[in-house]
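Asks: here's a sequence, model it:
(one chain, ligands or ions: 1)
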Amino acid sequence: MTYGVEEFQRRTPGSRTAWERAAKLIPGGVGSAIQFKPPYPLMIGDSKGSKVWDVDGNEYIDYSLCYAAMVAGHGTVALEILEDVPDADVLVVGVGGGGLIAGVATAAKARRPGARVIGVEPAGANAMRRALDAGVPVRLERIDTIADGLAAPIAGTLPLEIVRRLVDDVVVVDDAVIAEGVRFLAQRAKLVAEPAGGAAVGALLAGAVRVRRGERVVAIVSGGNVDASRLADILRG
Ligand SMILES: Cc1ncc(COP(=O)(O)O)c(C=O)c1O
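Replies: Model (predicted):
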């Protein structure tokens, strides 16, 4: 049995507005791409967080990661990319809790179904990769990465569902690869990226993302919030 959007809404009192707002932002609607299967009964929450349950029935609060409106907002990144690069073949995205890539994948696959969406996670914060492999969200006991923007302890429940269905792969890279991405962006593109923002570029430079000759590839540089001394350390190598 799968839960369709109606069942999802019935189970999520108060979510209708957020859902509808989200659906308007994504061509075809967020829900058009998503079916919810047990064991993932989940709720869209509000600023107080969302109640979710794991397979053992344990209840916990998942702040904002299950917020469909937020995922839809992230989707506008892909919409803007595809306006500028309508023939993009591959979109590479850093992954923390997974909201960003979930939105990007939902919008990209709706607009350009043949495009591949690849996630990049730090080896020291690989919650999405672990969740994909395990089939359920896995809470990391330890996080160790320079990419603090990607350092989520657990994949968001809604992002995980979307990533399972729409994302082509999530690759894991170590911090040296991420640092190389930050250096390359500074030296060659004159862009200040934080480690989370440089992860996609680093993964491409390291060959961690498989790309075919002639493909149009977009690396999403998602942020530049890095303090000067940390940036200096990274640039020094
Ligand atoms: C700069 C940057 N890039 C990427 C991400 C990853 O987003 P998400 O946690 O939705 O996967 C974050 C998350 O905070 C971020 O700060």
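Asks: please point out which parts of the longest helix along the chain sit buried.
Replies: Looking across the chain with DSSP state H, the single longest helix is helix 68-84. Of the residues in helix 68-84, 68-75, 77-79, 81-82 count as buried by neighbour count, 16 or more other CB atoms under 10 Å. C-beta: built from backbone N, CA, C; applies to glycine.
Asks: same check on stretch 127-145?
Replies: 127-132, 136-138, 140, 145.
Asks: tell me if it is near the ligand.
Replies: No. In terms of CB under 6 Å from any ligand atom, no part of stretch 127-145 sits within range of the ligand; the closest distance is 7.7 Å.
Asks: averaged pLDDT, that stretch. What do you get?
Replies: When pLDDT is averaged along stretch 127-145, the result is 92.
Asks: what's the end-to-end length of it?
Replies: 12 Å (CA to CA, to the nearest Å).
Asks: list the contacts of that stretch.
Replies: 39, 54-55, 95-98, 101, 119, 121-126, 151-157, 159-160, 163-164, 170, 172, 175, 178, 195 (CB atoms under 8 Å, 6 or more residues apart in numbering).
Asks: keep only those residues that also lie close to the ligand.
Replies: Applying CB under 6 Å from any ligand atom to the contacts of stretch 127-145, those adjacent to the ligand are 95-98, 101, 152.
Asks: per-residue confidence for the residue nearest to residue 212 when sequence neighbours are not counted?
Replies: Nearest residue to residue 212 in three dimensions, chain neighbours excluded: residue 89, at 7.9 Å (CB to CB, 6 or more residues apart in numbering). With respect to pLDDT, residue 89 scores 98.
Asks: how about residue 15?
Replies: pLDDT, residue 15: 44.
Asks: same question for residue 219.
Replies: For residue 219, pLDDT reads 98.
Asks: ok, it - contacts?
Replies: Residue 219 neighbours (CB under 8 Å, 6+ apart): 92, 200-201, 204.
Asks: ok, it to the ligand distance?
Replies: 12 Å (CB to the nearest ligand atom, to the nearest Å).
Asks: again with residue 185
Replies: In terms of CB to the nearest ligand atom, residue 185 sits 13 Å off from the ligand.
Asks: on contacts alone, who are the packing partners of the helix or strand where that residue lies?
Replies: Assigned by DSSP states H and E, residue 185 belongs to helix 175-188. Applying 3 or more CB pairs under 8 Å, 6 or more residues apart in numbering; DSSP states H and E, one finds that helix 175-188 makes contact with helix 195-205, helix 228-236.
Asks: take the contacts of stretch 127-145 and keep only those in strands.
Replies: Secondary structure from DSSP state E places 119, 121-122, 170, 172 of those in strands.
Asks: of those residues, buried ones?
Replies: Judged by 16+ other CB under 10 Å, buried ones among the ones in strands among the contacts of stretch 127-145: 119, 121-122, 170, 172.
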